Every structure is written in structure tokens, then in C-alpha cells.
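Participant: okay, sequence plus prediction incoming.
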Amino acid sequence: MSSTSRGAKRAIESRGTLAGPPRMADVAALAGVSKMTVSRVLAGTGVAPATRERVQQAIDELGYVADAAAGALSSGRSAFAAVLVPSLASSNFSDTVRGLTAALEPHGLQLLIGDTDYDLEREERLVRSMLRHQPRCIALTGAQHTAATRELLVRSGVPVVEMWDLPASPIDAAVGFSNTKAAREMVRYLCERGYRRIGFIGGASELDRRGLERLKGYQQEMKARGMSERVVRLGESPITMSHGAPALDKLLQQWPDTDAVMCVSDMSAFGAIMQCHRRGLSVPGDIAIAGFGNFEVAACCTPTITTISVDAYGIGAHTGETLLAALAASDGNGAGKPARASLRKRVIEYTVIARESA
């Protein structure tokens, strides 16, 4: 280090701990360059290699961290992608976040994550808060939002992707599948296996729109086949393993001759199977149990759980690709709206995974 740099460092250190964290001016002084040069190094724009190395060394020595918020204000954009999911406790939504991260992080976008807890008003508050950070793009779960949330997203001027559902009129783009059709597919599978007295176990909350769509699919297919519904709705979202046992008991109390049960998720299916064990019922000998989601527990349970498999990681990855394509189009033509015209719905495939429980 030159004598000038050593003097600069001593001057910086003399400011003492009360002066706060290192500033860009401190980096510039230590490297012997202007603040503009430091800014260019941080932005990755044209600076001579030797100068860049000297500035980076000063940054490392001082432990300087650039102010991302200030950078966003000056450039009109941030390096964040805002993401909203109903529950990070769900492995499916966690996998979706992993898929988003894998797609966006190599392009310099970090996730700003919010957990809505299946609450549309909370989602609205989170959207308002996240928009203050000027995200480059937004991904949120589901097709149901408050009118204010939709207005905020439309007016934001950034690409928006709704995940997991396929709304009739997406805000920008949608990546997902029809929960209704997937549930109908499971009922068809059970009927093909010879079951006729099929029940449904779901949650009581109106907030879990995907659960309600699965119930709707069950009801549609049962009606199409001329079979009577046997529905038990019990518990708030998110549905956990603990919901399965009391829901199964309630179902069998009302319809003791039930020969198969479709559960709104693998979590409740696991709880129902454990309750069958406690009641001395054989699965699937006495009663078949099917789930939804292909959670890890479905493959580890005894018996293993027949379920609907959805590529949760793929939903995140495809959402990330859709957002990147929109950003590229937006950057190319200088505005967000022309990019929106090319966005579309992307359908994710699902399949019945036949295992031991049904």
C-alpha cells in the first residue's frame, strides 16, 4: 500500500466507531480514486483492470457494503424479485421458491420473500410493502387477490406471474395447472380401481383456493358418474397431518360404508392412514386413502400414499424463466407494457402416482 493510501486509511480509522460503517468516500480515499470510479466498479462498468483491483482491495480492507436501496433510487430499479407464497412451512411452496432461486439468482436477482398465511388482506399489505423496494418483477401464488392488490400490481409497471393456478384473466402471466381437473383425475383413478363410495377430506377455510378447487373437481366427477358426495371439511389452512384423524373419524361416523377417501393433501392423507391403523382398519383392504401433492411423506408412509404429483420445483423454475423473458423484452424496448403482450399461460403437467394406499 502506498504512503498516500496508508495515510487515507489512518484518516478513515481516526473517525472512530461512532462514525458508522465505511462510506463510498472512504473507499475512494483509500484507493486513491474518485467516488464515481468506485460507483463504476460496483456497477461493473468500464474501469481499467488495475484500478478495479485497487478499488476492490479497498472495499475488502474496509468491509464496505454498497447501499442497495440508494442504488435502486438512482437507477430506478433494484436487484430483487418479490415472491409471495401462502406458507413456507409447506415443502411444495419451499420447492417452488428453490426453483425460482435457481432460475433468477444466476442473473443477479435475489428473492424478497413474503408469507401470506393464506390471507388475501395480508397479501395486499405485503405487496404494498414490497413495491416500496422497487422490485424488478413479482411472483405470487394463486389467482385470487383483493381488488387493491390487482390494481397495485397492474400499476407497478413490472412483470407479474401468478403461480400454481391458471386464472381466466391473469394480471400478466400465469404458471400452474388446474386443481379441479387434477382432482377429477384422482376420482377417475379410484373408480377405475373399483371404488364407488368415495369420500373427500378437506379444510374448512375459504382462504385455501387450491383446496376448494380440488373439492370442486371431486364434486364434479362424482356428479358426472351419478355417485353421492361424502364431504368432510375440518380445520384451518394450512392443512397438517393432525387434521387427518378427526376428519376420517367424522367421515366414517356419517358414512361407515365408505370404501375410499380422497384427501386434499398428502398431509391429511397421512393422518387418516395413521388413524386407520389405530382403528384396526387395513389400507387399502378395508378403505383406500389417496392424497395430493406428492410430498416426501407420501413415499415414506406405510402403506405408501397414492397421490397427485405436481412439479413444485418446476413451477418455480418456469416462473423464473417467464419473468426473465419479460425483463429481457422490457429492457429491450424500454417499457414494461410491450413485454406483457407476449406473456401467456404456462401449463404444468400433473400425474397420478399409484402406490400402495389405493
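Facilitator: Yes, it's here.
Participant: what is the least confident helix or strand in this structure?
Facilitator: Least confident element among the helices and strands of the chain, by mean pLDDT, DSSP states H and E: helix 337-340 (a mean of 43).
Participant: what segments of the stretch 151-300 of the chain are helices?
Facilitator: With DSSP state H, counting those that start in this stretch as the definition, the stretch 151-300 of the chain shows helices at residue ranges 179-192, 209-224, 244-254, 266-279, 296-300.
Participant: nearest to R52, of those helices?
Facilitator: Nearest to R52 among the helices of the stretch 151-300 of the chain is helix 296-300 (46.1 Å), distances taken as CB to CB. Yep, even glycine has a C-beta here, placed from its N, CA and C like the rest.
Participant: ok, and what's touching the closest one?
Facilitator: S91, M241, D266, M267, A269, F270, G291, T304, I305, T307, I353, R355 (CB atoms under 8 Å, 6 or more residues apart in numbering).
Participant: model confidence over that helix, on average?
Facilitator: Helix 296-300 shows a mean pLDDT of 95 in the predicted model.
Participant: same check on stretch 93-112?
Facilitator: Rounded mean pLDDT across stretch 93-112 is 95.
Participant: could you identify which of the helices of the stretch 151-300 of the chain is most buried?
Facilitator: Scoring the helices of the stretch 151-300 of the chain by mean neighbour count under mean count of other CB atoms under 10 Å gives helix 266-279 as the most buried, with a mean of 23.
Participant: tell me where the model's unsure across this structure.
Facilitator: Low-confidence segments of the chain, defined by pLDDT under 70, span residues 1-20, 65-78, 331-343.
Participant: related to what we said a few turns ago, let's have the helices of the stretch 151-300 of the chain in CSV, adding distance to A139.
Facilitator: Putting the helices of the stretch 151-300 of the chain into CSV (distance: least, CB to CB, whole Å) gives the following:
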stretch, distance to A139
helix 179-192, 18
helix 209-224, 16
helix 244-254, 31
helix 266-279, 24
helix 296-300, 24
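Participant: nearest to G157, of those helices?
Facilitator: Using CB to CB and comparing the helices of the stretch 151-300 of the chain, the one that lies nearest G157 is helix 209-224, at 26.6 Å.
Participant: tell me which other helices or strands the longest helix along the chain touches.
Facilitator: Longest helix in the chain by number of residues (criterion: DSSP state H): helix 312-333. Helices and strands in packing contact with helix 312-333 are listed as helix 91-104, strand 137-141, strand 160-164, strand 173-176, helix 337-340; criterion 3 or more CB pairs under 8 Å, 6 or more residues apart in numbering; DSSP states H and E.
Participant: returning to what we had before: and the contacts of helix 296-300, which is closest to G320?
Facilitator: For the contacts of helix 296-300, the residue nearest G320 by CB to CB is S91; the value is 18.7 Å.
Participant: relative to C300, how far out is the closest one?
Facilitator: According to CB to CB, to the nearest Å, S91 stands 12 Å off from C300.
Participant: now render the helices and strands packed on helix 312-333 as CSV, adding mean neighbour count and distance to I287.
Facilitator: Putting the helices and strands packed on helix 312-333 into CSV (neighbours: other CB atoms under 10 Å; distance: least, CB to CB, whole Å) gives the following:
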stretch, mean neighbour count, distance to I287
helix 91-104, 20, 26
strand 137-141, 26, 33
strand 160-164, 27, 30
strand 173-176, 26, 31
helix 337-340, 15, 49
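Participant: can I get those in TSV including distance to R40?
Facilitator: Below are these laid out as TSV (distance: least, CB to CB, whole Å):
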stretch	distance to R40
helix 91-104	25
strand 137-141	26
strand 160-164	32
strand 173-176	35
helix 337-340	28
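Participant: any idea which of these gets closest to S205?
Facilitator: Across the helices and strands packed on helix 312-333, closest to S205 is strand 137-141 (CB to CB), at 15.2 Å.
Participant: distance of T101 relative to A139?
Facilitator: Taking CB to CB as the measure, T101 and A139 are separated by 11 Å.
Participant: no wait, V261
Facilitator: Taking CB to CB as the measure, V261 falls 33 Å from A139.
Participant: again, but for R150
Facilitator: Using CB to CB, one obtains 15 Å as the distance from R150 to A139.
Participant: count the residues that sit near V154.
Facilitator: V154 is surrounded by 12 other residues when neighbours are defined as other CB atoms under 10 Å.
Participant: ok, it - contacts?
Facilitator: By CB under 8 Å, 6+ apart, the contact list for V154 reads I171.
Participant: give me the angle between the longest helix of the chain and strand 160-164.
Facilitator: Interaxial angle, helix 312-333 versus strand 160-164 (axes from the mean of the first three to the mean of the last three CA atoms, to 10 degrees): 170 degrees.
Participant: residues in contact with helix 312-333?
Facilitator: By CB under 8 Å, 6+ apart, the list of residues contacting helix 312-333 from outside reads 81, 91-93, 95-104, 107, 136-137, 139, 159, 161, 163-164, 172-173, 175-176, 293, 336, 338-340, 342-343, 346, 348.
Participant: and for stretch 238-257?
Facilitator: When contacts are taken as CB under 8 Å, 6+ apart, the neighbours of stretch 238-257 outside the stretch itself are 86-87, 89-90, 118, 197, 199, 201-203, 208, 211, 230, 232, 234-235, 258, 261, 263-265, 267-276, 278, 297.
Participant: let me see the contact set for I113.
Facilitator: The contact partners of I113, by CB under 8 Å, 6+ apart, come to V83, L84, V85, L88, V97.
Participant: so what's the residue count around W255?
Facilitator: Other residues near W255 number 18, with proximity taken as other CB under 10 Å.
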